[in-house]
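> Task: produce atomic coordinates for the following.
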Amino acid sequence: MIVDMTHSTDHLARYFYQTLLEVTNILNSQRNSEGLWKAITGHIKKVIPWERAGITLYHSDIDAFRFYAVETSMSVVKLKCDAIIPREGSAMGWVYNHRRLHVRPNIQQNPVFLEDAFYHEEGLGRMINIPMIVGDNCIGSLNIGSVESGDPDPENVLFLRQVATQIAFAIDHVRAYEQINHLKEQLTRENAYLLEEIKVTYDFGAMVGNSQKFKNVLDLAQAVAPTTTSVLIMGETGTGKELLARLLHELSPRNLKPFVRVNCAALPSGLVESELFGHEKGAFTGAENGRPGKFELANGGTLFLDEIGEMPIEAQAKLLRVLQDGIVERVGSIEGKAVDVRIIAATNSDLSKAIAEGRFRSDLYYRLHVFPIVVPPLRERLHDIPLLVRHFMEKNRLQFRRNCQEIDDRSMEMLVQYPWPGNVRELKNVIERAMILCQSSVMHVEDSLLQSTGNDMDAMPPTQLKDVERTRILQALAACEWRIDGPLGAAKHLGLHPSTLRSRLKKFGIKRHSE
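You can find the predicted model right below:
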């Protein structure tokens, strides 16, 4: 048995105390689960000389126990590490439910629970299951088996209870330590992610316009933003789909949680699942550490799937399951994690055509196509071009420290007539280049800055341009009760600096009495 029974009771008590202290010191020195299991399997045999010792932990998500440490000298081993035993009908389940130790003195002749069949095959004669309890919570069991049959020595059982208690506390401490580390790592990752996002300027001011089509888009955005409904944003490249997605997030109750963007077209085909759902350590070659996916990073917030039409077909099925169940499984893991994520997807491709060609799943399409928003191209928003031009001029004037506050009429007319294949993004880039080249107070846009002449597109006649801009300014003034400055002023409404708006009023001869 544990000690030579010819020793005195006092000596036996001292031995138990010293051994328990040694076990406690070893277990409490561990800081991660892997080290803890190694410590248990490496030392439990020294202090508990039975033929089999195992540690199981209860998992409520599967209502079962998993072996995390096994030490045995048996030639036949049926229950090894990672083996799973259901709670219902098992000795571990009985111990878990009753919070009491259970002894089966003769497994070979009288098996009681479902795992006893495996112990019988291993050749064990006796099995003791001891609950591991922390506070009021049973986290699992210490399971000790012997080839001997019969009732165990009461003093040995008492010692096993104490060992089980120390193991339970050690597991609880390691879990708490790992949780703290996990939260620290998550915070570090989120900070790194936010710092990366901060490097990119997201200008919500670029979401300006007075055209009816643009107002329709904003009306739809304001209607759906407060909900958790999935949104599919469709539109050509450069129309501002990501800006609209961010606006939806900012207007939603999730605006204090992360907005995580994923460019589906840029995901390597072999790493799509890892990027979206995360992976465990050792899940594949090069996976030296576990890593959360974009779904976990966006938990509680919004996940923006840009260019969803470019996602590989095999990844679409797994994405659909996550959207249906709200459960993410990391690559290399058999355990799921619940996530609460609002999905906003965007595409510049024809998903109906992609479905017909077998490149996109129809069930995923209908899952995403709950609330579609089509962002019109800039060539269908000609009335908004002067507003956007002046907005970008104001922004770049401050950034590049240029004195350009006006744009000559010929340049504005040319910008309105241009078809803008790159849409708002292209307009932004053209204004930025023109501002860099500007050396006076009036900006001039060279023909060479535009990629095409735009003669094949219908555009607003130049003679109407001044009238359109004048009308927009008057509409803004009327809507703002002729207030120019401040957050509710016409300058803010038009995306202009107040001094720029006053200059435009002087140029057009607009005065208060001209309402």
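
> can we go C-alpha only for contacts and neighbour counts from here?
OK.

> show me where pLDDT drops low in this protein?
By pLDDT under 70, the low-scoring segments of the chain are 1-49, 186-206, 268-270, 282-283, 285-288, 451-468, 487, 493, 495, 513-515.

> elements contacting the lengthiest helix in it?
Taking DSSP state H as the criterion, the chain has its longest helix at helix 154-198. When contacts are defined as 3 or more CA pairs under 8 Å, 6 or more residues apart in numbering; DSSP states H and E, helix 154-198 packs onto helix 9-28, helix 33-47, strand 126-134, strand 137-146.

> now do 10 Å
The helices and strands touching helix 154-198, judged by 3 or more CA pairs under 10 Å, 6 or more residues apart in numbering; DSSP states H and E, are helix 9-28, helix 33-47, strand 52-59, strand 126-134, strand 137-146, strand 259-263, strand 291-292, helix 294-297.

> And the contacts of the last one?
With CA atoms under 10 Å, 6 or more residues apart in numbering as the test, helix 294-297 has contacts from 186, 189-190, 193, 257-262, 273-278, 301-304, 322, 326-328, 330, 337-343.

> Pull out the buried residues from those.
The neighbour count (16 or more other CA atoms under 10 Å) marks 186, 258-262, 273-278, 301-304, 322, 326-328, 330, 339-343 as buried among the contacts of helix 294-297.

> Quick check: strands, which of the contacts of helix 294-297 are part of them?
Counting by DSSP state E, the part of the contacts of helix 294-297 found in strands is 259-262, 278, 302-304, 327-328, 337-338, 342-343.

> want to throw these into JSON lines with distance to Asn143?
Formatted as JSON lines, the ones in strands among the contacts of helix 294-297 follow (distance: CA to CA, whole Å):
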{"residue": "Phe259", "distance to Asn143": "47"}
{"residue": "Val260", "distance to Asn143": "45"}
{"residue": "Arg261", "distance to Asn143": "48"}
{"residue": "Val262", "distance to Asn143": "47"}
{"residue": "Gly278", "distance to Asn143": "34"}
{"residue": "Thr302", "distance to Asn143": "45"}
{"residue": "Leu303", "distance to Asn143": "45"}
{"residue": "Phe304", "distance to Asn143": "48"}
{"residue": "Ile327", "distance to Asn143": "32"}
{"residue": "Val328", "distance to Asn143": "32"}
{"residue": "Lys337", "distance to Asn143": "29"}
{"residue": "Ala338", "distance to Asn143": "31"}
{"residue": "Arg342", "distance to Asn143": "44"}
{"residue": "Ile343", "distance to Asn143": "46"}
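
> nearest to Val76, of these?
Among the ones in strands among the contacts of helix 294-297, Lys337 lies closest to Val76 (CA to CA), at 35.5 Å.

> Confirm for me that the closest one is in contact with Gly293.
No - judged on CA atoms under 10 Å, Lys337 makes no contact with Gly293 at a distance of 11.3 Å.

> Touching both of those two, which residues are there?
277, 328-330.

> May I see these organised as TSV, with distance to Glu406 added?
Formatted as TSV, the shared contacts of Lys337 and Gly293 follow (distance: CA to CA, whole Å):
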residue	distance to Glu406
Phe277	50
Val328	53
Glu329	56
Arg330	55
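
> which of these lies closest to Leu427?
Of all these, Leu427 sits closest to Phe277, with 36.4 Å by CA to CA.

> Could you check how far the closest one is from Gly240?
Plainly put, Phe277 is 27 Å away from Gly240 if you go by CA to CA, to the nearest Å.

> Beyond the longest helix of the chain, next helix or strand please.
With elements assigned by DSSP states H and E, the helix or strand that comes after helix 154-198 is helix 212-224.

> Name the residues of that following helix that are buried.
Neighbour counts over helix 212-224 (16+ other CA under 10 Å) mark 213-214, 216-218, 221, 224 as buried.

> and Met393, how many neighbours?
Number of residues near Met393 (other CA atoms under 10 Å) recorded here: 26.

> so what's it up against?
By CA under 10 Å, 6+ apart, Met393 lies in contact with 387, 399, 402, 404-407, 428, 431-432, 434-435, 443, 495-497.

> Most neighbours among those residues, which one?
Counting neighbours by other CA under 10 Å, Met435 comes out on top of the contacts of Met393 with 27 neighbours.

> Am I right that Ile334 sits in a strand?
No - per DSSP: H, G, I helix; E, B strand; the rest coil, Ile334 lies outside any strand segment and is coil.

> Surely Val260 touches Ala298?
Yes - with contact defined as CA under 10 Å, Val260 reaches Ala298; the gap is 5.7 Å.

> intersection of neighbour lists for these two?
Residues touching both Val260 and Ala298 (CA under 10 Å, 6+ apart) are Phe304.

> mind listing what Val224 touches?
230-231, 248, 251-252, 371.

> Tabulate these (CSV), appending secondary structure.
Shown next, in CSV, are the contacts of Val224 (three-state DSSP):
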residue, secondary structure
Ser230, coil
Val231, strand
Leu248, helix
Leu251, coil
Ser252, coil
Phe371, strand
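
> Pick the one among those closest to Glu413.
Minimum distance to Glu413 across these is 33.0 Å, recorded for Leu248 (CA to CA).

> And Gln179, how far from Asp172?
Separation of Gln179 from Asp172 (CA to CA) stands at 10 Å.

> do the same with Asp219
Remark: distance between Asp219 and Asp172 (CA to CA) = 52 Å.

> quick one: which helix or strand includes Asp82?
Per DSSP H and E, there is no helix or strand for Asp82.

> List the residues that contact it.
Neighbouring residues of Asp82 by CA under 10 Å, 6+ apart: 56, 65-70.
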